[in-house]
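Q: How does the following fold in three dimensions:
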Amino acid sequence: MIRVLIVDDHTMFADGVSLLLANETQIEVTGKCTLGSHVMPFLQRTAVDIILLDISLPDVSGLEVCRRVREEFPRLNVIALSMFNQASYVTEMLQQGAKGYILKNTGKDELVRAIERVYAGEEFFSREVTETIMRDLMTRKEAENRAKSIPKISRREQEVLSLIVNEHTNQEIADVLCLSLKTVESHRSTLLVKLNARNTAGLVKSALAHALV
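A: Alright, predicted model coming up:
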């Protein structure tokens, strides 16, 4: 028998979830809490295997409740139950030890499957949540790839590049930066290599494309 505690400040919703699970012979709803502060006292007197936890509670955040539960009852698993399908919420709940994240519009079959899978030691996410996580990972990966593709130039090289973009000659750059003409030419040559450019026009194009100036 899988013993479940429902934590949600909306009594009607909690009652609805309890009703959905009422005919499941392998699942028993052992209680319902409407406040986060009621959870720990309840767990100290009642055996629970899984908590269905709303992440938006009026007194204590679901994140904090999850953290406390996982610290004091490490064998007890938490499934976040939320209407928020955002990667930041999912990530924060997972960081606090949640083993699942399902949306409040989920059907009975998915709810039961989530409870059974998490009880068996697996993780479970609503299909929509999985898609959100994948999109977030792809976005992060693309951002990392873009960051890696940006040429690394020194502060001095950036100063030289900025003056090149503003159509200064090598001699003018040398005068502005108090450098020798040879040093400026050396910086220009290095920039051509780093920015994979063949000439001044290429330097300007690459500098603007990578927002280096």
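Q: Please, where are all the strands along the protein?
A: Using DSSP state E, the strands of the chain run over 2-7, 27-33, 50-54, 77-82, 100-103, 124-125.
Q: Relative to Thr200, which of these is closest?
A: strand 124-125 (52.1 Å; Cβ to Cβ). C-betas here are computed from N, CA, C, even on glycine.
Q: which residues sit in contact with Cys33?
A: 5-7, 39, 42 (Cβ atoms under 8 Å, 6 or more residues apart in numbering).
Q: beta partners of it?
A: Val7 (DSSP bridges).
Q: repeat for Arg3
A: Glu28.
Q: From Leu76, how far out is it?
A: To Leu76, Arg3 is 10 Å away according to Cβ to Cβ, to the nearest Å.
Q: what's the answer for Val176, then?
A: Using Cβ to Cβ, Val176 is found at 67 Å from Leu76.
Q: Can you pick out the residue with more neighbours from these two?
A: Taking Val176 and Leu76 together and counting by other Cβ atoms under 10 Å, Leu76 has the greater number of neighbours (18 against 13).
Q: so who does the more buried one touch?
A: So Leu76 contacts 43, 48-51, 69-70 (Cβ under 8 Å, 6+ apart).
Q: Tell me who's in contact with Ala174.
A: Contacts of Ala174 (Cβ under 8 Å, 6+ apart): 180-181, 183-184.
Q: That should have said Phe73, apologies.
A: Neighbours of Phe73 in contact, by Cβ under 8 Å, 6+ apart: 43, 48.
Q: What confidence value was assigned to Asn145?
A: Looking at Asn145, its pLDDT stands at 65.
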